[in-house]
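Participant: requesting a structural model of the entry that follows:
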Amino acid sequence: MSGSLLDASAVIGCPHGGRVTAATTPSGAVRIGGAAVATGAHAYVVIGCPHSVAGVPSPCVSVRWTADGTGVTVDGAAVLLDTSAAECFTAAFVPQGPPVVQAAQRKVTVR
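Facilitator: The predicted model follows:
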């Protein structure tokens, strides 16, 4: 798997326009342009998702990333790439679709 390395400054959204942020701030020693590299060990939440089903709010609230296949780790956890598989979920763990990486560091790529 190849792609651009994600860090704490990456702009990520849910499929409905909510904003994805790290619930646990990446704080490892590996940084890109001053921002910590994101790994699968960090938890991610969705803020401001407007999604509803039949008029009932059903917002995305969390993201689960599958960070494997690169062999690159930080503090023992696999790094996240803009091409890493992920899924947004409701509070009831209903899958809502993949997050959208709108901007990521292009300085480091993993091949």
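Participant: please make it C-alpha for all contacts and neighbour counts, starting now.
Facilitator: OK.
Participant: helix/strand/coil for Val20?
Facilitator: Look at Val20: counting by DSSP: H, G, I helix; E, B strand; the rest coil, its state is strand.
Participant: ok, it - contacts?
Facilitator: Counting by CA atoms under 8 Å, 6 or more residues apart in numbering, Val20 makes contact with 11-14, 44-47, 62-63, 99.
Participant: in ChimeraX, select just the buried ones from the residues you listed.
Facilitator: The buried residues among the contacts of Val20 can be selected in ChimeraX (16 or more other CA atoms under 10 Å) with this line:
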select :11,12,13,14,44,45,46,47,62,63,99
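Participant: the residue nearest to Pro50 when sequence neighbours are not counted - how many residues pack around it?
Facilitator: Nearest residue to Pro50, sequence neighbours excluded (CA to CA, 6 or more residues apart in numbering): Pro59, at 5.9 Å. Using other CA atoms under 10 Å, Pro59 is surrounded by 23 other residues.
Participant: what's the pLDDT at Pro57?
Facilitator: On pLDDT, Pro57 comes in at 97.
Participant: who does it form a beta bridge with?
Facilitator: Beta bridges link Pro57 to Ser52, judged by DSSP bridges.
Participant: use 36 as the first number from now on
Facilitator: Got it, first residue is 36 now, which makes that one Pro92.
Participant: wait, what's in contact with the residue nearest to Pro85?
Facilitator: Going by CA under 8 Å, 6+ apart, Pro94 touches 83-87, 125-126.
Participant: over to Gly52?
Facilitator: Counting by CA under 8 Å, 6+ apart, Gly52 touches 83-85.
Participant: could you redo the last one with a cut-off of 10 Å?
Facilitator: Residues near Gly52 by CA atoms under 10 Å, 6 or more residues apart in numbering: 81-86, 95, 134-135.
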